[in-house]
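1. no FASTA, just this:
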């Protein structure tokens, strides 16, 4: 089972994606990242990213992250719609185990973007890990409802890697948001039977089979009290 490490994004002349692990999330066609933020916001974000990466690579002390947080906040103050900076700040908070601050950040974002299912889901995961089940319920329901509207492709050997990922994502939402392990495993089992040599499918199936749902949520977040 992979331990959670944050994904970081910055935008300069080119967009750099640094992905160490993936939080199960609902992919939305309507979801767009602001790829033309204000220059001052980009500068602040890039400076924060440099600090964050150096901390992760053990080149800077961990308390340097406080400077990164302030720079990410500056980027968002300069450009409130700069979602790259938002994601980076959220990842930074979670890396620092500042989950209350993560919830507050998500809540502020959702005031301006109430239909952002991805952030609803991330906040619901944190609420769930904190034992605040009633608060998690709305976010989980919104994501589950959206996923259930979509018809999954038929599981056969013609599936593309993107379609396989979509089915894996859906199984994750079924397991976490709908709390239906049996249904999630049935979907993954069909996928596993069709692609017996796919190591990703096998890993997700085994993780789902052997995990406790709440422990899985906490593992995805790197959550500790």
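-> Sure thing, it's come through. All values derive from a computational prediction rather than experimental measurement.

2. Now do the strands in this structure.
-> In the chain, the segments counted as strands under DSSP state E are 8-11, 15-18.

3. separation between residue 172 and residue 121?
-> Separation of residue 172 from residue 121 (CB to CB, to the nearest Å) stands at 10 Å. All C-beta atoms are positioned from the backbone trio N, CA, C, and that covers glycine.

4. so where's this structure uncertain?
-> Along the chain, segments meeting pLDDT under 70 span 1-35, 225.

5. now do 50
-> 1-31 (pLDDT under 50).

6. Where do the helices of it begin and end?
-> Ranges of helices in the chain, per DSSP state H, are 39-56, 65-78, 83-95, 99-112, 117-129, 133-149, 161-176, 181-194, 199-210, 213-221.

7. Can you lay out these as a markdown table showing mean neighbour count and distance to residue 155?
-> Listed next are the helices of the chain as a markdown table, based on neighbours: other CB atoms under 10 Å; distance: least, CB to CB, whole Å:
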| stretch | mean neighbour count | distance to residue 155 |
| --- | --- | --- |
| helix 39-56 | 19 | 37 |
| helix 65-78 | 20 | 41 |
| helix 83-95 | 24 | 31 |
| helix 99-112 | 16 | 33 |
| helix 117-129 | 23 | 24 |
| helix 133-149 | 16 | 16 |
| helix 161-176 | 19 | 7 |
| helix 181-194 | 17 | 5 |
| helix 199-210 | 15 | 11 |
| helix 213-221 | 18 | 23 |
